[in-house]
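[1] Below: sequence and its predicted model.
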Amino acid sequence: MTKRIILAGGSGFLGHALAAHFQKSDYEIIVLTRSPKPVVNGFREVAWDVVSPGDWVSELDGAAAVINLAGRSVNCRYNSRNRKLIMESRVESTRLIGEAISICKQPPPIWLNSSTATIYKHNFGPAWDESGAIGGTPEARDIFSVEVATAWEQTFNEARTPGTRKVALRTAMVLGNGKNSIFPVLQKLVRYGLGGKMCDGRQFVSWIHETDFCRAVEWLMTHDELSGAVNIAAPNPVTNVQMMEEFRHVFHRSFGLPAPTWLMEIGAVFMRTEMELVVKSRRVAPRRLIESGFEFRFPILRQALEDLRK
């Protein structure tokens, strides 16, 4: 077994964060992508079509871990074309990796597959741990997203990889300075005086600092007792009102113009995104991580924001 990690769909924000993290521990990083480039930042990119097994399968044989991050961004309008792409990009990449692992002579000992904390029901009560209720709520406009998350995990669970431990990463909003992170967007809104509450502001936001996201992934790789669904989120979710207050404090803004629901509706159309990303109350707890002994470096939102501030 080599110190080789396969990052499927690893060319985005989280892929780059994980690659940088594991390179510090002298892992060889192989990124599976549709459009490979020469060696980038010290890691190699390999072509895959997310349709059928190919030459890329040999990279999995003998690898230390496979981490699947593939999936079309949900930051778009949910028209029929985008719905199809969102669903298929997740389900088909997961199915394909399962097939590839099943034909490896020396299958990787662990397969970590992206999932989402959005799978849990819209929630204003106590935080959901991994046994929390799953389902969509019309009020949260999340019916489609929960359908995707459920199909995603079902495909993962059905993959026949008896020699490989499997972990579904039910990840909350990851805060980082990389491209496609929400942090730079919110930072810009606050600096322009637009950092007030969004809608009624009582919806909960579950989040995690990119450093703790990477550390949690590494922790799961090295703790054989953990398999199945694991919440990847800081232990202290906040309401939208509290989140924006913390952003304003860290960026020294005393006021932020609030965005009522009607204005957010208009903004979502112009920004070609969906209201669900704002209105759903995501309140989850990382019970399994904490019970296994994992310690967060950034358990409090203000700590995370101050660390990321530039």
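    Thanks, I have the structure now.

[2] Quick check: the most centrally placed residue in the chain vs Glu153, distance?
    Nearest to the geometric centre of the chain sits Thr171, at 4.4 Å (C-alpha atoms, centre = their mean). According to C-beta to C-beta, to the nearest Å, Thr171 stands 12 Å off from Glu153. C-beta here means a position set from N, CA and C on the backbone, and glycine is covered the same way.

[3] Just the local confidence number for the spatially closest residue to the residue nearest to the centre of the chain that is not a sequence neighbour, please.
    Of all residues not flanking Thr171 in the chain, Ile232 sits nearest, at 4.3 Å (C-beta to C-beta, 6 or more residues apart in numbering). Ile232 carries a pLDDT score of 98 in this model.

[4] same thing with Asn123?
    According to the prediction, Asn123 has pLDDT 96.

[5] Ok, Val39 next?
    As predicted, Val39 sits at a pLDDT of 68.

[6] before we move on, what about Cys76?
    So Cys76 comes in at 91 (pLDDT).

[7] ok so it is a helix residue?
    No - assigned with DSSP: H, G, I helix; E, B strand; the rest coil, Cys76 falls outside any helix and is coil.

[8] isn't it right next to Asn82, touching?
    Yes - here Cys76 reaches Asn82: they are 4.9 Å apart, a contact under C-beta atoms under 8 Å.

[9] still on that earlier bit, the residue nearest to Thr171 and Arg215 touch, don't they?
    No - taking contacts as C-beta under 8 Å, Ile232 lies outside contact range of Arg215: 10.2 Å.

[10] Could you measure from Ala234 over to Val74?
    Per C-beta to C-beta, Ala234 is found 21 Å from Val74.

[11] between those two, which one's more packed in?
    Ala234 (27 against 18; other C-beta atoms under 10 Å).

[12] Let me see the backbone angles for that one.
    phi -70, psi 160 (degrees, to the nearest 10).

[13] Now do the contacts for it.
    Going by C-beta atoms under 8 Å, 6 or more residues apart in numbering, Ala234 touches 172, 206-209, 212, 286, 296, 298-301, 304.

[14] Go through those and flag which are in strands.
    Members of the contacts of Ala234 lying in strands (criterion: DSSP state E): Trp207, Ile208, His209.

[15] Dump the residues you listed to TSV, plus distance to Ile110 and pLDDT.
    Below are these laid out as TSV (distance: C-beta to C-beta, whole Å; pLDDT from 0 to 100):
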residue	distance to Ile110	pLDDT
Trp207	25	98
Ile208	20	98
His209	23	98
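
[16] Output the residues you listed as JSON lines; include the columns neighbour count.
    Rendered in JSON lines, the data for these read as follows (neighbours: other C-beta atoms under 10 Å):
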{"residue": "Trp207", "neighbour count": "25"}
{"residue": "Ile208", "neighbour count": "27"}
{"residue": "His209", "neighbour count": "23"}
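
[17] of those, closest to Gly10?
    Ile208 (18.1 Å; C-beta to C-beta).

[18] can you pull the contacts of the residue nearest to the centre of the chain?
    Counting by C-beta under 8 Å, 6+ apart, Thr171 touches Ser114, Ser115, Thr116, Ala117, Ile208, Phe213, Ile232, Ala233.

[19] How about the contacts made by the residue lying closest to the second one once chain neighbours are set aside?
    When you say that, I think you mean Ser115. Leaving aside its chain neighbours, Ser115 sits nearest to Ala168 (4.3 Å; criterion: C-beta to C-beta, 6+ apart). Neighbour list for Ala168: Asn113, Ser115, Glu153, Phe156, Asn157, Gly228, Ala229, Val230 [criterion: C-beta under 8 Å, 6+ apart].
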